[in-house]
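**Student:** Please work out how this folds:
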Amino acid sequence: MIDAFGQPQSVVVLGGTSDIAIAVLRRLAQERLRSVVIAARRPDRAGLESQIDAPPHVRFASVRFDARDPESAGPVVSRCFEQAGEPVDLVIMAVGELGDNEIDETDPHRVSALMSVNMAWPAAALASVAARLRDQGRGRVIVLSSVAGYRVRRANYVYGAGKAGLDAFAIGLAESLRETDISVHVVRPGFVHTKMTAGRPTAPFAVGADRVADDIADGIAKNRTVIWSPALLRWVFGVLGLLPQGIWRRLPG
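**Tutor:** Residues are numbered from 1 along each chain as shown. Here you go, the predicted structure:
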């Protein structure tokens, strides 16, 4: 359970191979982390343990799942909470796939798969997470969204549309839980140097996963529902969001 200093001790990570999620766990391992359950398509507990450098007393468990199957979301969440074996303090929703827009937009099967991975499965899982946390009476949820979903662009609209849907769902979920002891924090990173973006042209205001983890910690400490990373993007996209579509479509990248 959350200790006297407000630090989560029991964490469930949905999308356990996410570099950002791993960076968050590294921060928590320096505090009072006690147990971690990771859910991933191919969970690698040994690899995760070595990456976050957790103390020997931290207990790890893993659950295998496929985010292309939204019907599996509820049972996967149930297995994760059962594996935790105690009240879960923090759930990190880190499921996502960037894809390749030039290929994906002409392939209905790829569009369907990406919408499942980036929106349908995470949304279904979050509904199940909220129900479990309501039963507990408390908890925190971090949802990794993206600036790509804030205003969708031609260059990556398949991915952006999925993130836009997840972002809107998570904001609505946060509002539905506002009168409870459950908080939802929607994280909107810009370009992050991770294995998912490896080999792609770097965008302005690019950061590393550790910087996003720092921004998440700061945002939660300030009880922000929406956390931008880097924080400057809040103001950049505040302006970009006002541009007429004719100008928006001419912007590079």
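**Student:** what about the helices in this structure?
**Tutor:** For the chain, applying DSSP state H gives helices covering 19-29, 45-52, 73-84, 101-104, 108-115, 121-136, 157-176, 209-221, 233-240, 245-248.
**Student:** Mean neighbour count, distance to residue 202 and mean pLDDT for these - can I get that in JSON lines?
**Tutor:** Every residue, glycine included, has its C-beta placed from N, CA and C. As requested, the helices of the chain are exported to JSON lines (neighbours: other Cβ atoms under 10 Å; distance: least, Cβ to Cβ, whole Å; pLDDT from 0 to 100):
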{"stretch": "helix 19-29", "mean neighbour count": "22", "distance to residue 202": "15", "mean pLDDT": "88"}
{"stretch": "helix 45-52", "mean neighbour count": "15", "distance to residue 202": "23", "mean pLDDT": "68"}
{"stretch": "helix 73-84", "mean neighbour count": "19", "distance to residue 202": "33", "mean pLDDT": "95"}
{"stretch": "helix 101-104", "mean neighbour count": "14", "distance to residue 202": "17", "mean pLDDT": "88"}
{"stretch": "helix 108-115", "mean neighbour count": "15", "distance to residue 202": "23", "mean pLDDT": "95"}
{"stretch": "helix 121-136", "mean neighbour count": "20", "distance to residue 202": "26", "mean pLDDT": "96"}
{"stretch": "helix 157-176", "mean neighbour count": "19", "distance to residue 202": "17", "mean pLDDT": "95"}
{"stretch": "helix 209-221", "mean neighbour count": "18", "distance to residue 202": "14", "mean pLDDT": "91"}
{"stretch": "helix 233-240", "mean neighbour count": "14", "distance to residue 202": "15", "mean pLDDT": "84"}
{"stretch": "helix 245-248", "mean neighbour count": "10", "distance to residue 202": "21", "mean pLDDT": "76"}
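**Student:** With distance to residue 149 as added columns, please give the ones you listed in JSON lines.
**Tutor:** What follows is the helices of the chain, written out as JSON lines (distance: least, Cβ to Cβ, whole Å):
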{"stretch": "helix 19-29", "distance to residue 149": "15"}
{"stretch": "helix 45-52", "distance to residue 149": "27"}
{"stretch": "helix 73-84", "distance to residue 149": "19"}
{"stretch": "helix 101-104", "distance to residue 149": "14"}
{"stretch": "helix 108-115", "distance to residue 149": "12"}
{"stretch": "helix 121-136", "distance to residue 149": "12"}
{"stretch": "helix 157-176", "distance to residue 149": "3"}
{"stretch": "helix 209-221", "distance to residue 149": "16"}
{"stretch": "helix 233-240", "distance to residue 149": "11"}
{"stretch": "helix 245-248", "distance to residue 149": "15"}
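**Student:** List just the one of these that sits closest to residue 12.
**Tutor:** Proximity of the helices of the chain to residue 12 was assessed by Cβ to Cβ; the nearest stretch is helix 73-84, lying at 4.7 Å.
**Student:** which residues are in contact with the closest one?
**Tutor:** With Cβ atoms under 8 Å, 6 or more residues apart in numbering as the test, helix 73-84 has contacts from 10, 12, 14, 35, 37, 39, 61-63, 65, 88, 121-122, 124-125, 127-129, 132.
**Student:** among the helices of the chain, which is nearest residue 201?
**Tutor:** For residue 201, the closest of the helices of the chain is helix 101-104, at 13.4 Å, according to Cβ to Cβ.
**Student:** Summarise which helices and strands that closest one is packed against.
**Tutor:** Packing contacts for helix 101-104, counted by 3 or more Cβ pairs under 8 Å, 6 or more residues apart in numbering; DSSP states H and E, involve helix 108-115, helix 157-176.
**Student:** residues in contact with the last one?
**Tutor:** It refers to helix 157-176. The contact list for helix 157-176, computed with Cβ under 8 Å, 6+ apart, reads 93, 96-99, 101, 104-105, 110-111, 114-115, 117-119, 122-123, 126-127, 130, 141, 143, 145-146, 148-150, 152-153, 183-186, 188, 225-226.
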